[in-house]
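Undergrad: make a model of this:
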Amino acid sequence: MKFNPDADLDTSGVEDTRGSGGGGGGLLPGGMGIPVGGGIGGVILLVVILLLNGTLGGGGGSDQPAARNTAAGNLGSCKTGKDISQNPDCAFVAYQNSIEGFWAAELPRRGKKYTKAPMRVFSNSVNTGCGPATAAVGPFYCPPDKSVYLELGFFKTLETDLGAKGGPFAEAYVVAHEYGHHVQDLYGILDRIKSREGANSDSVRSELQADCLAGIWTNHATTVPTKSGKPLITELSQDDIERGLDAAASVGDDRIQEKTQGQANPESFTHGTAAQRMKWFQIGMDSGDMTRCDTWSADPL
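TA: Below is the predicted model:
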């Protein structure tokens, strides 16, 4: 994955509270709204981390992955693509800029107004419109405050505990998935979620659609310009694409349950299988067309 070193980074839509204390405590859900899962989903991710680190049923370990950088406001110093080579965390500003830049242009083209969603990076804990969250929750989108929340230690967990290959594009996939939920929210799709567990549940259909929407951005990623007209992302290699697909597979319900429980239980699925997540991400990447992301009427998924 290559970034344009001369392209400007816009930090106005990114809030970095790492090292500032964050606030909150407790775990999602349990606030004023229901958070929408990211690479895994809040409560599921918590259980996975606790099981793998030995903090359920005895053992040691920690239920909170360490943040990659504890400096408050660290991302505020990211000015151009060149800064990514000095501070890899600046890549998250580039992901956010590119993803929002794409949807801000694509939705009006389809007759829909796009409303921006801040990306809030935290460590330890944070207060949200969905209630207080800890780092163990993982990436999520909160509909009441229309914000994307990231704890960057999640990406280490994705590799070490869930077996993903990782890398910048695995990170970008997760961020794009969360903004996929924001697009769903703007269309009122999240209000359709009634059934939250099961292989054909509304929750699974929503998550797979967010994967497809992440794929749509991927299709256009190298052509999304900044305000200066220069694309932030200049190249996605086949290895990048494979790492994105690998990340999607690593957070499939069946993979997680087999790792933590020894077998998969489709009745408790909330996000879809590894094969389904790869399939819908690939559909988005191949087509670049929102109309191909109708997971609600797809049968089978």
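
Undergrad: surely C293 touches F281?
TA: No. In this structure, C293 is not within contact of F281 by C-beta atoms under 8 Å, at 10.4 Å. For glycine as for every other residue, the C-beta is placed from the backbone atoms N, C-alpha and C.

Undergrad: higher neighbour count, these two?
TA: Taking other C-beta atoms under 10 Å, C293 and F281 do not tie; F281 has more neighbours (28 against 24).

Undergrad: tell me the buried residues in the host helix or strand of that one?
TA: Secondary structure assignment for F281, by DSSP states H and E: helix 274-287. For helix 274-287, the neighbour count (16 or more other C-beta atoms under 10 Å) marks 274, 276-285 as buried.

Undergrad: pull the number of nearby residues for S77.
TA: 16.

Undergrad: apologies, that question was intended for L107.
TA: Applying other C-beta under 10 Å, we find 17 other residues in the vicinity of L107.

Undergrad: ok, now A298?
TA: Here the number of neighbours of A298 (other C-beta under 10 Å) works out to 16.

Undergrad: could you find the closest non-adjacent residue to it?
TA: Residue nearest to A298 in three dimensions, not counting chain neighbours: R205, with 7.8 Å by C-beta to C-beta, 6 or more residues apart in numbering.

Undergrad: tell me the confidence at the residue lying closest to E178 once chain neighbours are set aside?
TA: Distances taken as C-beta to C-beta, 6+ apart put V148 closest to E178, at 4.4 Å, once the chain neighbours are dropped. At V148, the model reports a pLDDT of 97.

Undergrad: V148 in helix, strand or coil?
TA: strand (DSSP: H, G, I helix; E, B strand; the rest coil).

Undergrad: show me the shaky parts of the stretch 1-150 of the chain.
TA: Counting by pLDDT under 70, the ranges of the stretch 1-150 of the chain that qualify are 20-34, 37-73.

Undergrad: all helices of it, in order?
TA: Assigned by DSSP state H, counting those that start in this stretch, the helices in the stretch 1-150 of the chain fall at 42-52, 83-86, 91-109.
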